[in-house]
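Asks: A structural model of the following input is requested.
(chains A and B)
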Protein chains: 2
Amino acid sequence: MDTKKCIEEINEAIEATRFGENPVELYEPIRYIMKLGGKRLRPLTALLAYSLFKDDYKTALRPALGVEVFHNFTLVHDDIMDNAPLRRGKATIHEKWDQNVAILSGDVMMIRVYNFFLETAPDLMPRVIRSFNDMAVEVCEGQQKDMNFESRDDVSAEEYIDMIRQKTAVLLGFCAELGATLAYADEKDIQLLQEFGVKAGLGFQIKDDLLDVYGDATKFGKKVGGDIVENKKTYLLIKALETAQGEDAEELRRWVSATEFDETEKVKAVTAIYDRLGVREATEKLMNDYFAESLEAFDRISVAKEKGATFRAFAENLINRDR
Amino acid sequence: MDTKKCIEEINEAIEATRFGENPVELYEPIRYIMKLGGKRLRPLTALLAYSLFKDDYKTALRPALGVEVFHNFTLVHDDIMDNAPLRRGKATIHEKWDQNVAILSGDVMMIRVYNFFLETAPDLMPRVIRSFNDMAVEVCEGQQKDMNFESRDDVSAEEYIDMIRQKTAVLLGFCAELGATLAYADEKDIQLLQEFGVKAGLGFQIKDDLLDVYGDATKFGKKVGGDIVENKKTYLLIKALETAQGEDAEELRRWVSATEFDETEKVKAVTAIYDRLGVREATEKLMNDYFAESLEAFDRISVAKEKGATFRAFAENLINRDR
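Replies: Just a heads-up that it's a prediction; the model follows:
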């Protein structure tokens, strides 16, 4: 399976999807967000998982698009809730149109997700929808927990991991599970792929947290330290708040509660505290553990070595990305 | 079938439904809105339609709850969009909690609707979900059109009927269709029941418009003339704007564009214009035509007279309600 070609096919299929026309206030935003791009990682994961067991991955293309539409639905509604002005460098829907348009076009996307799942074999459909639903509700729970964390200063590392598992990791787990399910894989393999996706998803989120502080700004494409400036409750900050003692603890609390400060100075100071506390190493270890566990789960799948090579290369490539 | 007992069973089943627990910000609002009551007309319509063909309507209870959850989901999101402070005399979710909670708990409700549809026979499930989805998207389209109408002063009667058909009537059509589908009714009867629901739904919405102006305030439970005060584009106002000439047209435009006015005076004056133009009679005729067409569709269903009696009595009762 050619990963690059597969992404092109995903993009063509998105382009060819007719969500509707009238009223334009509902459908123009859907076309806009779906075309903003992104790496199409989620449908690709589903199709790669499918290809581990069967060759005709195009059969799984439409259901795989369902997860991409769902992912974009969550972006539209999350951007309202987070008051985000930009998404992938462009105006968010609630900024470009208005909030009501963003709520309602998001709702239509959510409904249409199930039309993609209707294009699965009838014997698989109930299982796919049930599993999708349990996952989708977890994503909403994760988003609510993330919002709750904003006004709390006692979030534990355990709570944080639980939140990112729900908000971002279970979707990747579902993608891998979906592909395997559609290919009629063994129950054991379906579960292992789901585990692979969740563990990898946890690793990716923690990597995002790390890159925000320690990433190469030119490669990362975002301002380094943005999370520190905003006091975003990342694994690094939570871990630092948990472990800091004496002067470090005092200084960290001071920066977190400061209302006026020089951004560069804050980023530098908080990063220095992270370094002194060994937070970077602890976070990297956690990330690497999750990545290792995800690959271990993958390696336990009963597929021929050569079948698994493309998938494993894709996974390793993702794990090693530096932006 | 005992209609009153059936409503009790619907309420008990709603009470017994576990949507989730944690985080409470997500599930407390869902329990709140689902318990606010309402007449449960939609699931009741589904179960009455089912009972036309089969006796064991409890089989259809869970899927029928799906439409009630969907209906309440639309209320939660519409109330945000319409900035509504009250729903059934109680604070709306976005008022009682906040807007983000309302968006997200609405999303969870929307997702959970499909869990109720998963409790249908596997051979019916794809049809039920496909039909529900087409209807649900129409409801969103209707809501967007309704919002678009607010800033337009050239809405035609035809556009208005199209909007209320989508925003409110197709849901009742789906309820009747759902019940018949779950009872394995003939295709012809399924379509007739769908038609019954849509036509009745159109009649009910037009009746709401009429009651707002000509209803008995003590029975209606709302302030008479609220739509007139707010310039709400009801069938009456649209028809009046369409047909008014000369002085009537001028006076109507003056009231519609007035920013400061005495509410009682406006209601009295606009009602007088409606009366002079014969708008009340035209609207009552349209409503009665829809009700007649809905009953005609119903009477063409191939069910034994005695089986249809409960349903027809229910429909006539609804049609003749004065609040």
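Asks: So is stretch A:147-160 next to chain B?
Replies: Yes. For stretch A:147-160, a contact with chain B is found by CB under 8 Å from any CB of the partner chain, at A:147-148. Using the backbone N, CA and C atoms, a C-beta is placed for each residue, glycine as well.
Asks: got the contact list for that stretch?
Replies: Here stretch A:147-160 makes contact (CB atoms under 8 Å, 6 or more residues apart in numbering or on different chains) with A:81, A:145, A:163, A:233-235, A:238-239, A:241-242, A:256, B:23, B:25, B:100.
Asks: What residues does the stretch 51-200 of chain A have near chain B?
Replies: Counting by CB under 8 Å from any CB, the stretch 51-200 of chain A sits next to chain B at A:77, A:80-81, A:100-101, A:103-104, A:107-108, A:110-112, A:114-115, A:118, A:122-123, A:125-126, A:129-130, A:133, A:136-137, A:140-141, A:143-145, A:147-148.
Asks: go with 7 Å
Replies: A:77, A:80-81, A:100, A:103-104, A:107-108, A:110-111, A:114-115, A:118, A:122, A:125-126, A:129-130, A:133, A:136-137, A:140-141, A:143-145, A:147-148 (CB under 7 Å from any CB of the partner chain).
Asks: Which of those are buried, as a PyMOL select command?
Replies: Entered in PyMOL, the line below selects the buried ones among these, by 16 or more other CB atoms under 10 Å in any protein chain shown:
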select buried, chain A and resi 77+80+81+100+103+104+107+108+110+111+114+115+118+125+126+129+133+136+137+140+141+143+144+145+147+148
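Asks: returning to what we had before: looking at the contacts of stretch A:147-160, which is nearest A:L211?
Replies: A:T234 (10.6 Å; CB to CB).
Asks: quick one: contacts for the closest one?
Replies: Contacts for A:T234 were tallied using CB atoms under 7 Å, 6 or more residues apart in numbering or on different chains; they are A:209, A:227.
Asks: For chain B, see how far away it is.
Replies: Note on A:T234: its distance to chain B, by CB to the nearest CB, to the nearest Å, is 20 Å.
Asks: what do you get for A:A244?
Replies: Taking CB to the nearest CB, one finds A:A244 at 27 Å from chain B.
Asks: How about that residue, nearest residue that isn't a chain neighbour?
Replies: A:L252 (5.1 Å; CB to CB, 6 or more residues apart in numbering or on different chains).
Asks: next one: the helix or strand where the one you found lies to chain centre, how far?
Replies: Element membership for A:L252 (DSSP states H and E) is helix A:246-257. Relative to the chain's own centre, helix A:246-257 is displaced by 31 Å; criterion: CA atoms, centre = their mean, to the nearest Å.
Asks: And for that helix, what's in contact with it?
Replies: Under CB under 7 Å, 6+ apart, the answer for helix A:246-257 is A:231, A:240-241, A:244, A:266, A:269-270, A:273, A:276-277.
Asks: swap in stretch A:275-288?
Replies: A:203, A:206-207, A:209-210, A:214, A:235-236, A:239-240, A:243-244, A:248, A:274.
Asks: Quickly check those for the two that are furthest apart.
Replies: Largest separation among the contacts of stretch A:275-288 by CB to CB: A:G203 and A:D248, giving 27.4 Å.
Asks: related to what we said a few turns ago, can you turn the buried part of the contacts of helix A:246-257 into a PyMOL selection?
Replies: Buried members of the contacts of helix A:246-257, defined by 16+ other CB under 10 Å, are picked up in PyMOL with:
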select buried, chain A and resi 231+240+241+244+266+269+270+273+277
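Asks: from the contacts of helix A:246-257, which is closest to A:E9?
Replies: A:E9 lies nearest to A:N231 out of the contacts of helix A:246-257, by CB to CB, at 41.8 Å.
Asks: what about the closest one, which SS state?
Replies: coil (DSSP: H, G, I helix; E, B strand; the rest coil).
Asks: which non-adjacent residue is nearest it?
Replies: A:V256 (5.3 Å).
Asks: A:S257 and chain B: what is the separation?
Replies: Distance from A:S257 to chain B, by CB to the nearest CB: 24 Å.
Asks: Same question for A:G308.
Replies: 33 Å.
Asks: what's near enough to touch that residue?
Replies: A:G308 touches A:52, A:301, counting by CB under 7 Å, 6+ apart.
Asks: starting at the chain centroid, how far to the helix or strand hosting it?
Replies: Per DSSP H and E: A:G308 is located in helix A:305-320. Its chain's average C-alpha position is 19 Å from that of helix A:305-320, according to CA atoms, centre = their mean.
Asks: quick one: buried residues of it?
Replies: By neighbour count on 16+ other CB under 10 Å, the buried set for helix A:305-320 is A:308, A:310-312, A:314-315, A:318-319.
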